[in-house]
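Trainee: Return atomic coordinates for the entry below.
(4 chains)
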Protein chains: 2
Amino acid sequence: MDLVRQLGENVRRIRKERGISQEELALDAGMKRSYVSDLERGTRNPTVRALGRLAAALKVPPAILISNPSE
Amino acid sequence: MDLVRQLGENVRRIRKERGISQEELALDAGMKRSYVSDLERGTRNPTVRALGRLAAALKVPPAILISNPSE
DNA sequence: TTGTGACTTGGAGTCCGTG
DNA sequence: GCACGGACTCCAAGTCACA
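Mentor: Numbers count the residues shown, from 1 in each chain, chains lettered A, B, ... in the order given. Below you'll find the predicted structure:
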């Protein structure tokens, strides 16, 4: 499983847990909604700074987003 | 402390622990030595794929590289 | 052995839209 | 509310020479 897809799955899972839409997450992270959509589907390879903004918006440590949740 | 600098510090620390040069690390990660130098100094904002190659070369989980080691 | 400036190319990230 | 696309802009990727 590649890191980009891992990230996408984690973002989607945590976002759902928060009960917010892609649009709200995008707003909090200072990104475009279409970009968040791409990230969740694993079709984009973001920078670590983008990863950091995403983690902050989801209120989790950045490392969580590229970890395997089943561990 | 921003994530990019955190990453740089972690890479340098772990590389030193391995007792290898930037050149050797660069070779293992499929990068140029000057790029590794930039990363360690926190002057580059790499993508998560680059982060993944780095983690593999250092033989650590990717999440480690953007974690705070003092935790 | 490492830091750094300069450079080209490719892709990150934006902005417009569609069903 | 989300997937997906086209056309952009600009920064990261990737490389080199030199200190």
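Trainee: Name the residue closest to the centre of chain A, please.
Mentor: Centroid-nearest residue in chain A, with C-alpha atoms, centre = their mean: A:V11, separated by 3.3 Å.
Trainee: Could you check which helix or strand contains it?
Mentor: Per DSSP states H and E: A:V11 is located in helix A:3-18.
Trainee: Low-confidence stretches in chain A?
Mentor: Within chain A, the segments meeting pLDDT under 70 span A:1, A:71.
Trainee: before we move on, the earlier item: what residues are up against the residue nearest to the centre of chain A?
Mentor: A:L25, A:V36, A:L39, A:E40, A:L54, A:L58, A:L65 (C-beta atoms under 8 Å, 6 or more residues apart in numbering or on different chains). Backbone N, C-alpha and C define where each C-beta goes, glycine included.
Trainee: 7 Å instead?
Mentor: A:L39, A:E40, A:L54, A:L65 (C-beta atoms under 7 Å, 6 or more residues apart in numbering or on different chains).
Trainee: Ok, A:R18 next?
Mentor: A:L58.
Trainee: Quick check: it vs A:D28, distance?
Mentor: Applying C-beta to C-beta, to the nearest Å, the value for A:R18 to A:D28 is 10 Å.
Trainee: Also A:I20?
Mentor: In terms of C-beta to C-beta, A:I20 sits 8 Å off from A:D28.
Trainee: go on, A:S37?
Mentor: Relative to A:D28, and taking C-beta to C-beta, A:S37 is found at 15 Å.
Trainee: returning to what we had before: so which of the contacts of A:V11 sit within strands?
Mentor: Among the contacts of A:V11, no member falls in strands (DSSP state E).
Trainee: and those residues as a markdown table, adding distance to B:T47?
Mentor: Compiled in a markdown table, the contacts of A:V11 are given as follows (distance: C-beta to C-beta, whole Å):
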| residue | distance to B:T47 |
| --- | --- |
| A:L39 | 12 |
| A:E40 | 17 |
| A:L54 | 13 |
| A:L65 | 14 |
